[in-house]
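Undergrad: below: sequence and its predicted model.
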Amino acid sequence: DGGITQSPKYLFRKEGQNVTLSCEQNLNHDAMYWYRQDPGQGLRLIYYSQIVNDFQKGDIAEGYSVSREKKESFPLTVTSAQKNPTAFYLCASSIQGVSTEAFFGQGTRLTVV
Amino acid sequence: QQPVQSPQAVILREGEDAVINCSSSKALYSVHWYRQKHGEAPVFLMILLKGGEQKGHDKISASFNEKKQQSSLYLTASQLSYSGTYFCGTEPDGGATNKLIFGTGTLLAVQP
């Protein structure tokens, strides 16, 4: 079955450590996105990518990094520079940019202690 | 840049109607609507493109007023399954920005 997979579902890290969240899709979508979800703040765009080896910063990119070496993969690294990393992270993908339906993964809940 | 949604929360009885609004300070090319159940991924409802069209399926419909940079989602004769948080996603106009910016969300609770 086609879809978008995020792993792991829950992740715990100590403060000061970098952590990488996985996002894989087998929908052959060109565009991929990372969002952060906090209570009362909706979904905020971290990074997005329209094609392989290219990505752009969203509204809250500071403290995060991404790579897009393969069409199906768009991992997100939460670095130690991110001051408040505990949140729910959602990955999404769509065909040919945003004027088409976005499909979301099940999310990763990151807790930094 | 984040669009503002109103109301922030609404409680309904089954069969009642609701309207959720989404307002942007930027010119828009398209507006998306998604529903997210607690602990689950957001699910696509519909897209409205620049041109002021109105769309709908079943008892959920939406309108897009590009001049006012606003969209509204209409839920009629609500069912228990409509409960969840509704998000609008906006695509800025003016070129291939390829950014989808989501609103703050509206929590809808439908009670028996």
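TA: Here it is on my side, so go on. Numbering: from 1, shown residues only, chains lettered A, B, ... in the order given.
Undergrad: please, where are all the strands along the chain?
TA: Assuming you mean chain A. A:4-7, A:10-13, A:19-25, A:31-37, A:43-51, A:54-57, A:64-66, A:76-78, A:87-94, A:103-104, A:108-112 (DSSP state E).
Undergrad: meant chain B actually
TA: B:4-6, B:9-13, B:18-23, B:28-36, B:43-49, B:54-57, B:60-65, B:70-75, B:84-92, B:101-102, B:106-111.
Undergrad: turn those strands into TSV, including distance to residue A:9 and mean pLDDT.
TA: All C-beta atoms are positioned from the backbone trio N, CA, C, and that covers glycine. As requested, the strands of chain B are exported to TSV (distance: least, CB to CB, whole Å; pLDDT from 0 to 100):
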stretch	distance to residue A:9	mean pLDDT
strand B:4-6	27	95
strand B:9-13	27	96
strand B:18-23	29	97
strand B:28-36	16	93
strand B:43-49	18	91
strand B:54-57	31	68
strand B:60-65	29	92
strand B:70-75	29	95
strand B:84-92	19	93
strand B:101-102	21	90
strand B:106-111	23	96
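Undergrad: can you lay out those strands as a markdown table showing mean neighbour count and distance to chain A?
TA: Shown next, in a markdown table, are those (neighbours: other CB atoms under 10 Å in any protein chain shown; distance: least, CB to the nearest CB, whole Å):
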| stretch | mean neighbour count | distance to chain A |
| --- | --- | --- |
| strand B:4-6 | 17 | 8 |
| strand B:9-13 | 13 | 10 |
| strand B:18-23 | 19 | 11 |
| strand B:28-36 | 23 | 5 |
| strand B:43-49 | 18 | 4 |
| strand B:54-57 | 12 | 13 |
| strand B:60-65 | 19 | 13 |
| strand B:70-75 | 21 | 14 |
| strand B:84-92 | 24 | 5 |
| strand B:101-102 | 24 | 4 |
| strand B:106-111 | 18 | 10 |
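Undergrad: good, we can wrap up now.
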